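*Asks:* Test case, fold it:
(2 chains)
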Amino acid sequence: MTYIVKTNQLTKVFDGKEVVSAVNMHVKKGEIYGFLGPNGAGKTTVMKMLTNLTKPTSGDIEVFGQKLTDQSYEVLKRLGTIIEYPIFYEDLTAKETLELHCEYMGYYDKKGISHVLDLVKLTNTEEKRVKDFSLGMKQRLGIARAIITKPELLILDEPINGLDPVGIKEIRELFKMLCKEYGITLIVSSHILGEIEQLADTIGVIKNGRLITEVSMEAVNRSQVDYIEVIVNDGKKAALILESTLNITNFKLIDDNCIRIYESTASQKVLSKTLIEHDIEIEGISKKSSSLEDYFLKLINGGVVNA
Amino acid sequence: MLNLMRLEMKKFHVGSYIKRAIFANFVILAIMFMLLFITKIEGDAVFENYQTVLSIIDSTVRAVFIIFASALIAKLIISEFKYKTITLAFMYPINRKKLMASKLAIIVLFTFSAIIVSNVFVSAVFCTIISNLHLFSDTLTISLIIQRIPIVIMNAIAASCIALIPLYFGMRKYSIPVTIISSIFIVSVVSSNTGNFSLNDIIFIPIALAIIGISVAYASFRKIEKMDI
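*Replies:* Now for the predicted structure:
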């Protein structure tokens, strides 16, 4: 397996407090890696270490197969980043910002500026000073700056902060496009599960500085089960009928009145018809799926999930 | 390195500081004329010959541009840390030490050139005008000018290095006011002039301060590659 980013027992201590503990992260080439965790979990610190801004207390980081050291400057040419929030030299215009960025990065294709501003939907702003930009516009300009040099790896810390719902959707599509069409690998952090869920191929969950799990979305989706929940007056009797008449065995009696049926072939229509025929009163019947949110909340709150 | 300096100057619009330096020159001229008239009215014998006049112009110019340098330090270095734009600068594939060195080079070279050019400009204008007023008994001779050249250059070199001392105070809490105020304090020590005597005339003092300035600059980025941003 080719990993574009790999960390081994990555640890960072600030003032005697361990903010990142023994993180072993694996990011595959060409995927979108969602880095999920509550505020203050250590996401930004990990991302700062990946970009060599902050130095690890112990453990090591491999980016593009090379170990990061204090002298790893060349590797930065291949990265596009937003850390914490997009920072700018606010007196410069959008165009000057991107021009200067290209020069510092050693990338000389200034024609790309208008193209990249179009991509993030920031048109007619080239001559506008950054200090007159709204937070959402700054976020877009930050993304434009990160992608203008066509990096192989994008490290984006909370890139959707400050964007409106339409903007979030546009940027999400942009990220997917960059990943699919340009083969760029993305590491995107967020504390918003819904966002990561719609974007990522692999999710790494971090809590209190520890990487609790690293799991592919495919595996998560596989583990998500749908079920039909039936509320009846006599749960035990209903269970008996399910087994004897409908040959359904994959169900669970939650309490005296509630049954959850996990069998995928069971239909609500047949179920209700059969139960009524056997004099069972049905108070409610509904199809449910245990959401991804439940899955991650369980993880973050300390539960153990086998995905 | 030169390219890096060019980019840094572009990033911070250093060109606008040239305009401000020109403005500062006119302010220095105004101060000189004010001093001249006050001393004449009061009957003080401060401006009595060209030797003293040139020396006063030199210390005033140096004082102004040491403070001016602190404004550049604040803009090019302190504000980068204060407003976290340094995270951006350190994300570029550029050696951190080289980046800091190019910033310091801009500050030192700017200060040095400004002191030399301003000395020439202010002295030329001031002396031309007062020579027409026939206020002094002596005349401005070529030999006096030649004698002043190495002194002005040496003083300018020392002042450009002394100008880096505020970096130390400013970097402690990334404070722009502290940077500027410490430069004013340094100026008040080295450029104060009492009875034609200033601390700068004890050769040991400007040399020691210049060495401190260089050491401060070195210390400020000695460990920069290990620094957490």
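*Asks:* What's opposite whichever residue of the stretch 151-300 of chain A sits closest to chain B in the beta bridge?
*Replies:* Minimum separation of the stretch 151-300 of chain A from chain B (C-beta to the nearest C-beta) falls at residue A:155, amounting to 9.7 Å. C-betas here are computed from N, CA, C, even on glycine. Beta bridges link residue A:155 to residue A:81, residue A:187, judged by DSSP bridges.
*Asks:* Next, work out how far apart it and residue B:50 are.
*Replies:* Residue A:155 sits 64 Å away from residue B:50, going by C-beta to C-beta, to the nearest Å.
*Asks:* Between the two, tell me which one has more neighbours.
*Replies:* Using other C-beta atoms under 10 Å in any protein chain shown as the criterion, residue A:155 and residue B:50 rank with residue A:155 on top: 28 against 21.
*Asks:* and chain B, which residues reach chain A?
*Replies:* Residues of chain B that fall close to chain A, judged by C-beta under 8 Å from any C-beta of the partner chain: B:7, B:10-13, B:83-85, B:87-95, B:225-226, B:228-229.
*Asks:* I'd guessed the residue of the stretch 151-300 of chain A closest to chain B sits against residue A:49; true?
*Replies:* No - contact criterion C-beta atoms under 8 Å: residue A:155 and residue A:49 do not qualify, at 10.5 Å.
*Asks:* what helix or strand does residue B:186 sit in?
*Replies:* Element membership of residue B:186 [criterion: DSSP states H and E] is helix B:176-190.
*Asks:* which other helices and strands contact that helix?
*Replies:* Secondary-structure packing of helix B:176-190 (3 or more C-beta pairs under 8 Å, 6 or more residues apart in numbering or on different chains; DSSP states H and E): helix B:50-73, helix B:165-173, helix B:204-222.
*Asks:* What residues of the longest one count as buried?
*Replies:* The reference is to helix B:50-73. Of the residues in helix B:50-73, B:50, B:53-73 count as buried by neighbour count, 16 or more other C-beta atoms under 10 Å in any protein chain shown.
*Asks:* What residues does the stretch 201-307 of chain A have near chain B?
*Replies:* Going by C-beta under 8 Å from any C-beta, none of the residues of the stretch 201-307 of chain A are near chain B.
*Asks:* Make a markdown table out of the helices and strands packed on helix B:176-190 and add mean pLDDT and distance to residue A:278.
*Replies:* Converted to a markdown table, those look like this (pLDDT from 0 to 100; distance: least, C-beta to C-beta, whole Å):
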| stretch | mean pLDDT | distance to residue A:278 |
| --- | --- | --- |
| helix B:50-73 | 90 | 87 |
| helix B:165-173 | 90 | 79 |
| helix B:204-222 | 88 | 83 |
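*Asks:* For these, give me CSV that also has distance to residue A:33.
*Replies:* Listed next are the helices and strands packed on helix B:176-190 as CSV, based on distance: least, C-beta to C-beta, whole Å:
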stretch, distance to residue A:33
helix B:50-73, 41
helix B:165-173, 37
helix B:204-222, 34
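*Asks:* closest to residue A:11 out of these?
*Replies:* Among these, the nearest to residue A:11 by C-beta to C-beta is helix B:204-222 (25.4 Å).
*Asks:* Other residues contacting that closest one?
*Replies:* Helix B:204-222 is contacted from outside by B:77, B:96-97, B:100-101, B:104, B:155, B:157-159, B:161-165, B:167-168, B:171, B:186, B:190, B:199-200, using C-beta atoms under 8 Å, 6 or more residues apart in numbering or on different chains.
*Asks:* Report the contact partners of the closest residue in space to residue B:13 that isn't next to it in sequence.
*Replies:* Using C-beta to C-beta, 6 or more residues apart in numbering or on different chains and skipping residues adjacent in sequence, the residue nearest residue B:13 is residue A:91, 6.8 Å away. Contacts for residue A:91 (C-beta under 8 Å, 6+ apart) come out as A:129-131, B:13.
*Asks:* residues contacting residue A:300?
*Replies:* Counting by C-beta under 8 Å, 6+ apart, residue A:300 touches A:37-38, A:205, A:207, A:212.
*Asks:* hmm, try it at 6 Å
*Replies:* Residue A:300 sits next to residue A:207 when contact means C-beta atoms under 6 Å, 6 or more residues apart in numbering or on different chains.
*Asks:* ditto for residue B:115
*Replies:* So residue B:115 contacts B:61-62, B:65, B:156, B:159 (C-beta under 6 Å, 6+ apart).
*Asks:* rerun at 10 Å
*Replies:* Contact analysis of residue B:115 by C-beta atoms under 10 Å, 6 or more residues apart in numbering or on different chains lists B:21, B:58, B:61-62, B:64-66, B:68-69, B:152-153, B:155-160, B:163.
*Asks:* and if you look at residue B:130?
*Replies:* Residue B:130 sits next to B:32-33, B:36, B:47, B:50, B:53, B:136, B:140 when contact means C-beta under 10 Å, 6+ apart.
*Asks:* now do residue A:41
*Replies:* For residue A:41, the contacting residues are A:19-20, A:35, A:189, A:191, A:205-212, A:300, by C-beta under 10 Å, 6+ apart.
*Asks:* Residue A:24: how many residues sit nearby?
*Replies:* When neighbours are counted by other C-beta under 10 Å, residue A:24 registers 13.
*Asks:* just to revisit the earlier point, among the contacts of residue B:130, which lie within strands?
*Replies:* Taking DSSP state E, every one of the contacts of residue B:130 sits outside strands.
*Asks:* And those, which two are furthest apart?
*Replies:* Maximum pairwise distance among those (C-beta to C-beta): 17.0 Å, between B:33 and B:140.
*Asks:* More neighbours: which of those two?
*Replies:* With neighbours defined as other C-beta under 10 Å, residue B:33 and residue B:140 compare such that residue B:140 has more, 17 against 14.
*Asks:* contacting residues around the residue lying closest to that one once chain neighbours are set aside?
*Replies:* Spatial nearest neighbour of residue B:140, excluding adjacent residues (C-beta to C-beta, 6+ apart): residue B:50 at 4.8 Å. Taking C-beta under 10 Å, 6+ apart as the criterion, residue B:50 is in contact with B:123, B:126-127, B:130-131, B:136, B:138-141, B:144-145, B:148.
*Asks:* And residue A:161, by the same measure?
*Replies:* Per C-beta under 10 Å, 6+ apart, neighbours of residue A:161: A:82, A:84-86, A:135-136, A:138-139, A:142, A:168, A:190-192.
*Asks:* Report the buried members of the residues you listed.
*Replies:* Buried by 16+ other C-beta under 10 Å: A:82, A:85-86, A:136, A:138-139, A:142, A:168, A:190-191, out of the contacts of residue A:161.
*Asks:* Longest helix in chain B, by number of residues?
*Replies:* For chain B, the longest helix by residue count, based on DSSP state H, is helix B:96-133.
*Asks:* In chain B, where is pLDDT below threshold?
*Replies:* Filtered on pLDDT under 70, chain B yields the residue ranges B:193-200.
*Asks:* run the last query once more with 90
*Replies:* Chain B contains residues with pLDDT under 90 at B:1-3, B:14-15, B:32-59, B:126-148, B:150-152, B:155, B:171-173, B:187-209, B:216-229.
*Asks:* how many other residues sit next to residue A:46?
*Replies:* Neighbours of residue A:46 (other C-beta under 10 Å): 29.
*Asks:* quick one: residue B:202 from residue B:39, how far?
*Replies:* Residue B:202 sits 25 Å away from residue B:39, going by C-beta to C-beta.
*Asks:* Settle it for me: which of the two has more neighbours?
*Replies:* Ranked by neighbour count (other C-beta under 10 Å), residue B:202 and residue B:39 place residue B:39 first, with 14 against 11.
*Asks:* Skip the chain neighbours and tell me the closest residue to residue A:85.
*Replies:* In space, residue A:85 is closest to residue A:161, 6.8 Å off (C-beta to C-beta, 6+ apart).
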